[in-house]
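Student: sequence and predicted model, in that order:
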Amino acid sequence: MDLNLQVENAVSRFGSSAPTQGVIVKKYRPEGSWTAQGSGGLNHKASYGSYQYLRTGADTAQDRSFDMSAAGTMSVINYTFDSATGGKWVQDIRHGETILSGRFSMVRSNAPAEQQLAPATNAGLHVAIIIKSAVSSSLPPDAYPRKGLVLQSYASDGTLTFLGFGPGTLNSRGTYTYKKVSANTAVEETVQTSDYFTLPYTMVYTFKTPTSGSWFQNFGNGMILFSGTFDTFAR
């Protein structure tokens, strides 16, 4: 199976170079080995090692891994399932030196064509994103949208436009890159420009159908964390 580990929170005691956003795709092999590759933001790297996977409860499991690409560093990932294919994860690296956490989804490795939900490109699509949650530790609540809809329209030349509907949403423009990283997951990295700011964001899309799913956005390198649902349709 491939487990798509969406990075929503990252805490380090020693200024670790661990990723703080995006997604890590960890591929579990039957013989007890794994490989991983992250996308979105800084500090992602390819890695590999060995693991033991244990079911620890009715809806919980634990992965004890050794990262052979980092001198055998040990980590523990605790998975809490809230469905058959997803839930929450928390990773402890080097006995508390770094803690990563977020939501995850699970898909079959080398999934057949009918299970390849994420498109290879979003060029030529409108993506209607519904803001369900928005949290900031540095801005007052009235300084950013907490609910609403944004229509994001993607062109094949790497540009996009934003049309906002709801309190605090803005019309703006930007440049983007998009990468499909597993059968149901894609990462978008964008620089968004409005009349008030020019800032980057990383968006993780988790497709539940070929045209809909959930999204999580790290805006301004942690300034605001957004999440919600989306639908896509052709321009």
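Tutor: On my side now, so go ahead.

Student: burial check on R55, number of neighbours?
Tutor: Neighbour count of R55, defined by other CB atoms under 10 Å: 11. No exception for glycine: its C-beta is placed from N, CA and C like everyone else's.

Student: that one pairs with what?
Tutor: A61 (DSSP bridges).

Student: state the distance from it to G87.
Tutor: Counting by CB to CB, to the nearest Å, the gap from R55 to G87 is 13 Å.

Student: and what of S33?
Tutor: Distance of S33 to G87, given as CB to CB: 24 Å.

Student: between the two, which has more neighbouring residues?
Tutor: Higher neighbour count among S33 and G87: G87, with 17 against 14, using other CB under 10 Å.

Student: contacting residues for the more buried one?
Tutor: The contact partners of G87, by CB atoms under 8 Å, 6 or more residues apart in numbering, come to D59, Y79, T80, F81, R103, F104.

Student: in a strand, it, correct?
Tutor: Yes: looking at G87 with DSSP: H, G, I helix; E, B strand; the rest coil, it is inside a strand.

Student: quick one: it from F104, how far?
Tutor: Distance from G87 to F104, by CB to CB: 6 Å.

Student: tell me, what's touching the two both at once?
Tutor: Common neighbours of G87 and F104 are listed as Y79 (criterion: CB under 8 Å, 6+ apart).

Student: beta-bridge partners for W89, please?
Tutor: Y79, G102.

Student: shouldn't it be in contact with I77?
Tutor: Yes: the pair W89 / I77 is scored as a contact, 5.8 Å apart, by CB atoms under 8 Å.

Student: more neighbours: these two, which one.
Tutor: Under the criterion of other CB under 10 Å, the comparison of W89 against I77 puts W89 first, with 25 against 22.

Student: the helix or strand containing P200 pairs with which strands, parallel or anti?
Tutor: Using DSSP states H and E, P200 sits in strand 198-209. Sheet partners assigned to strand 198-209 using DSSP bridges are listed as strand 185-193 (antiparallel), strand 212-219 (antiparallel).

Student: list the contacts of that strand.
Tutor: 4, 6, 21-23, 40-41, 86, 105, 117-118, 184-192, 213-221, 223, 230.

Student: by mean pLDDT, flag the weakest helix or strand of the protein.
Tutor: Least confident helix or strand of the chain, by mean pLDDT, DSSP states H and E, is strand 9-12 with a mean of 93.
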